[in-house]
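Engineer: Following is a predicted model, sequence given first.
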Amino acid sequence: MDSFNLVAHEPRMLVLTGEKTFEEMKELAWNKKTAAFGGLKNLLSRPKPEDINITHSEKQYKPFWHAVCSTHFEYKRKCEFTVKISDPIVQKVIVCGEEKAIDPQRNIKLSRIEHCLESTTKEIFIDAYSENEDDFSRYITMPARELGQTEELNEGDNIVVPVKVKAAYIVRKLLSEMIKPIDADEILDETVKIDTLDLYFRPIYAFEYTWIPKNKQNVLEFDGITGEFYSGKVLKQKMTEIFTEDALFEIGGEVAGFIVPGAGIPVKILQESRKRKKIIDKT
């Protein structure tokens with residue numbers, strides 16, 4: 001494993017920008033209030049719009065990971081193959097100055113050295129709270145601002161949903177899927193690159209609706225960027241971070257132990273300060 005080389009770019013923490021204002025989202029939520037109870041099949045049991053009020057609203061920031069991993073494996077292997085000598089008059093075969101024996105089946109065995117190259121790339125998106133894979137690809141082309149710490153999002157009544165999935169988990173998941181045994185006699189290069197390891201926060205507006213005559217509550221969440229809405233929940237209080245930021249983004253030691261337990265596999269981290277805030281224009 002001396003040829004193994006893992007290069008991981010410094011993880012980044014980003015927040016999507018350009019979300020709609022609270023007033024815009026509240027107006028949208030008000031216009032969609034009957035949808036909060038739209039699962040009722042009986043038309044007679046559906047609420048009238050005037051019987052529904054918005055009884056609670058809040059802005060949440062929900063996290064997800066975007067990671068891209070690429071591999072480059074270069075190696076040599078010896079391979080034997082059989083050549084049929086069909087002409088019965090042939091008694092000897094000389095290849096590269098070396099005489100090859102013809103077996104009773106009229107075959108000779110030759111060997112060759114194969115120089116092999118394998119390159120692959122994999123991209124994943126993972127909900128950093130639920131740990132489920134999901135398709136967040138539409139967000140990564142949108143404008144985003146780099147964060148130094150999550151406290152920057154925690155102003156006012158904003159609720160930051162805590163991150164349950166550490167960067168090391170994402171890297172280990174990628175490595176477990178992309179590193180495989182190599183049938184080789186000589187390994188020239190095994191390079192695995194974590195090209196992207198970004199933690200995004202996306203703004204979500206959650207509205208609790210109350211069907212007053214029935215005293216029933218339902219919640220719709222509205223995506224602050226796209227305006228999409230779906231069933232959700234309100235949190236009603238700020239949440240505590242599960243990891244310190246140093247623990248959240250640490251990958252070196254954990255990943256080295258995962259690859260070869262007890263061995264000091266070098267993990268090169270390309271340092272880029274997460275403390276630097278900037279606008280990333282991806283449009």
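Structural biologist: On my side now, so go ahead.

Engineer: Any stretches of the stretch 151-283 of the chain with poor pLDDT?
Structural biologist: By pLDDT under 70, the weakly predicted segments of the stretch 151-283 of the chain are 252-283.

Engineer: Can you list the residue ranges for strands in the stretch 101-250 of the chain?
Structural biologist: For the stretch 101-250 of the chain, the strands defined by DSSP state E, counting those that start in this stretch cover 107-127, 144-146, 159-160, 186-211, 216-223, 229-231.

Engineer: Tally up the residues packed near Asp157, please.
Structural biologist: Other residues lying near Asp157 total 11 when counted by other CB atoms under 10 Å. Using the backbone N, CA and C atoms, a C-beta is placed for each residue, glycine as well.

Engineer: Phi, psi for it please.
Structural biologist: For Asp157, the backbone dihedrals are phi -90, psi 10 (criterion: degrees, to the nearest 10).

Engineer: Looks like it contacts Ser57 (just checking).
Structural biologist: No: with contact defined as CB atoms under 8 Å, Asp157 does not count as touching Ser57 (9.5 Å).

Engineer: follow-up on the earlier one: right, and the strands of the stretch 101-250 of the chain - which one's nearest Glu23?
Structural biologist: Between Glu23 and the strands of the stretch 101-250 of the chain, the tightest spacing by CB to CB is seen for strand 186-211, at 10.7 Å.

Engineer: Next, the angle from that closest one to strand 216-223.
Structural biologist: In terms of direction (axes from the mean of the first three to the mean of the last three CA atoms, to 10 degrees), strand 186-211 departs from strand 216-223 by 140 degrees.

Engineer: List the strands paired with strand 186-211, with their directions.
Structural biologist: Under the criterion DSSP bridges, strand 186-211 sits next to strand 4-9 (parallel), strand 12-16 (parallel), strand 52-84 (antiparallel), strand 216-223 (antiparallel) in its sheet.

Engineer: what pairs with the following helix or strand past the third one, and is each one parallel or antiparallel?
Structural biologist: Downstream of strand 52-84, the first helix or strand assigned by DSSP states H and E is strand 93-95. The sheet places strand 93-95 alongside strand 98-100 (antiparallel), with pairing taken from DSSP bridges.

Engineer: Now do the buried residues in the strand it pairs with.
Structural biologist: Lys100 (16 or more other CB atoms under 10 Å).

Engineer: what do you get for stretch 158-178?
Structural biologist: Across stretch 158-178, burial judged by 16+ other CB under 10 Å covers 159-161, 163, 165-175.

Engineer: What of stretch 72-80?
Structural biologist: Neighbour-count burial for stretch 72-80 [16+ other CB under 10 Å]: 73-75.

Engineer: Stretch 229-238 now?
Structural biologist: For stretch 229-238, by 16+ other CB under 10 Å, it's 229, 232, 234.

Engineer: Cool, thanks, talk later.
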